[in-house]
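Asks: Make a model of this:
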Amino acid sequence: MTSILGVDPGSRCTGYGIIHDGAKGPVLVTYGCIRTETDHFPERLKQIYDGIYQVVRQYRPNELAIEQVFMSKNADSALKLGQARGAAICGGMAAGLPVYEYGARQVKLALVGKGSAEKSQVQHMVRFLLGLDEVLPADASDALGVAMCHIHHRQTQRRAGLPGPGRR
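Replies: Okay, here's the model as predicted:
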């Protein structure tokens, strides 16, 4: 059974979630947020790296799926997000995981069927598809959505007789 670590990067809070790609559908393993505890930005990046590395070491997922950076109006915010994303990717790769990347529109399309879906719709579908009653933290829910998008892409490739989603 393949286990996917989904990551929603953020410089203050990086969400993560692990899902098994089970025969009867996705099975939740764990979820949470890596909250950085300092204003010193390089130290926040180290905390993200260490946090992802520790999650991988503890739960032993097989693959990492992460949301791609989108360009915002604030260049400084986009750069910080990109650096946080890089720290998360390095944390996973240092533990030996292959990394797969998905844009926000791809995640929304895979879960809701509409690339312009609202964030609340994605969160609802994550809870529905995992059979959860509890309300998840937004960052963890987004990370689980990325993991579920990756599972969807893997299954689609398999049904089409193609190799799995390409790494980037």
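
Asks: Run through the protein and note the low-pLDDT ranges.
Replies: By pLDDT under 70, the weakly predicted segments of the chain are 71-72, 163-168.

Asks: From the chain's centroid, how far away is the lengthiest helix in it?
Replies: Longest helix in the chain, counting residues (DSSP state H): helix 138-159. With C-alpha atoms, centre = their mean, to the nearest Å as the basis, helix 138-159 stands 8 Å off its chain's centre.

Asks: And that helix, what does it pack against?
Replies: In terms of contacts (3 or more C-beta pairs under 8 Å, 6 or more residues apart in numbering; DSSP states H and E), helix 138-159 is packed against strand 2-8, strand 13-22, strand 25-35, strand 63-67, strand 99-102, helix 104-112, helix 119-130. Backbone N, C-alpha and C define where each C-beta goes, glycine included.

Asks: ranking those by burial, who's on top?
Replies: strand 63-67 (a mean of 27; mean count of other C-beta atoms under 10 Å).

Asks: What are the buried residues along the helix or strand just after that one?
Replies: Remark: after strand 63-67, the chain's next helix or strand is helix 75-94, criterion DSSP states H and E. The neighbour-count criterion (16 or more other C-beta atoms under 10 Å) identifies 80-81, 83-92 as the buried residues of helix 75-94.

Asks: Tell me how far residue 15 lies from residue 155.
Replies: According to C-beta to C-beta, to the nearest Å, residue 15 and residue 155 sit 23 Å apart.

Asks: same check, this time on residue 127
Replies: Distance from residue 127 to residue 155, counting by C-beta to C-beta: 20 Å.

Asks: returning to what we had before: and the longest helix of the chain with strand 13-22, angle?
Replies: 30 degrees (axes from the mean of the first three to the mean of the last three C-alpha atoms, to 10 degrees).

Asks: Start the count at 604 instead of 1 going forward.
Replies: OK, 604 is where the count begins now, so the last one is helix 741-762.

Asks: what angle sits between helix 741-762 and strand 628-638?
Replies: 140 degrees.

Asks: Please list all residues in contact with residue 704.
Replies: Residue 704 is in contact with 668-671, 771, counting by C-beta atoms under 8 Å, 6 or more residues apart in numbering.
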